[in-house]
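Undergrad: sequence-free structure coming up:
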């Protein structure tokens, strides 16, 4: 009796494509669209996030002033400098809450994170159960290039055949490939800000404590930007324009 080896090619029934591969792909796209809509409905209004956006926009405007100050006349530059750093009324001298907020002490943030995790876990559990129950052991596609043995566990989950070529993909592995590989398509369909990022959610679940180091502290940022504005040397490009023009003749 012949034994299938690494060089043999399997003939995949076209019905597998029509009744397994394409339905899994279609259902996953619909589930992803549904997840994005559910997340929009469950997402709360975070006042802290809105305040941080205002602070960062103000800091961005101040940084642009420092970078492009040579394009302004002395009068225009001084007006903008007073707007940002004038004593008693400058935007960067306003009192803001200091210290980076701890996400573990923010009930709204914790609730939003929990909702996001639920919208990620529940569809994944249901989809994996559906595929494992109805399509367990199916070989769906073959990638058009050779792969090393290290990819076998990733591409052939649920198919325990040691002699099967690594380039064949099982139904459960197809699910994971689609889930992590079609983010670009979902971005085109739903928009950049509407696509749930499963990778980021998993990182949040595994390492929430490390997020404190990346929190935004507006008080420190305002102080640093105010100091940077203080040491800007303004030289307008048109101050010596006549001299440059005459010297070029």
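TA: That came in fine, so what should we check first? In this text the structure is predicted, and so the values were computed from the model without any measurement.
Undergrad: show me what secondary structure element comes after the host helix or strand of residue 15.
TA: Residue 15 belongs to helix 14-16 when assigned by DSSP states H and E. Downstream of helix 14-16, the next assigned helix or strand under DSSP H and E is helix 22-42.
Undergrad: that next one: which residues count as buried?
TA: Using 16 or more other C-beta atoms under 10 Å as the test for burial, helix 22-42 gives 24, 28, 32, 35, 36, 38, 39. For glycine as for every other residue, the C-beta is placed from the backbone atoms N, C-alpha and C.
Undergrad: ok, so of those, who is nearest residue 136?
TA: Closest to residue 136 out of those is residue 24 (12.7 Å), distances taken as C-beta to C-beta.
Undergrad: next one, pLDDT for that closest one please.
TA: With respect to pLDDT, residue 24 scores 94.
Undergrad: quick one: contacts for it?
TA: By C-beta atoms under 8 Å, 6 or more residues apart in numbering, the contact set of residue 24 is 131, 135, 140, 171, 174, 175, 178.
Undergrad: around the fourth one, how many other residues sit close by?
TA: So the one you mean is residue 171. Residue 171 is flanked by 23 other residues according to other C-beta atoms under 10 Å.
Undergrad: hmm, it is touching residue 158, no?
TA: Yes - using C-beta atoms under 8 Å, residue 171 is in contact with residue 158, at 6.7 Å.
Undergrad: need the overlap of contacts for these two.
TA: Common contacts of residue 171 and residue 158 (C-beta under 8 Å, 6+ apart): 136, 137.
Undergrad: quick check: residue 85 touching residue 231?
TA: No - with contact defined as C-beta under 8 Å, residue 85 does not count as touching residue 231 (11.3 Å).
Undergrad: for this structure, what's the longest helix?
TA: Ordering each helix of the chain by length in residues (DSSP state H) puts helix 107-134 first.
Undergrad: and that helix, average pLDDT?
TA: The average of the pLDDT scores along helix 107-134 is 86.
Undergrad: phi, psi of residue 141?
TA: Phi and psi for residue 141, reported as degrees, to the nearest 10, are phi -140, psi 170.
Undergrad: tally of neighbours for it?
TA: Applying other C-beta under 10 Å, we find 19 residues neighbouring residue 141.
Undergrad: same check, this time on residue 81
TA: Residues near residue 81, counting by other C-beta under 10 Å: 20.
Undergrad: before we move on, what SS does it have?
TA: Here residue 81 is helix, with the state taken from DSSP: H, G, I helix; E, B strand; the rest coil.
Undergrad: residue contacts, it?
TA: With contacts taken as C-beta under 8 Å, 6+ apart, residue 81 has the following neighbours: 65, 229, 232.
Undergrad: same check on residue 188?
TA: Applying C-beta under 8 Å, 6+ apart to residue 188 gives no contacts.
Undergrad: with residue 71 instead?
TA: Shown in contact with residue 71 (C-beta under 8 Å, 6+ apart): 236, 237.
Undergrad: that'll do, ta.
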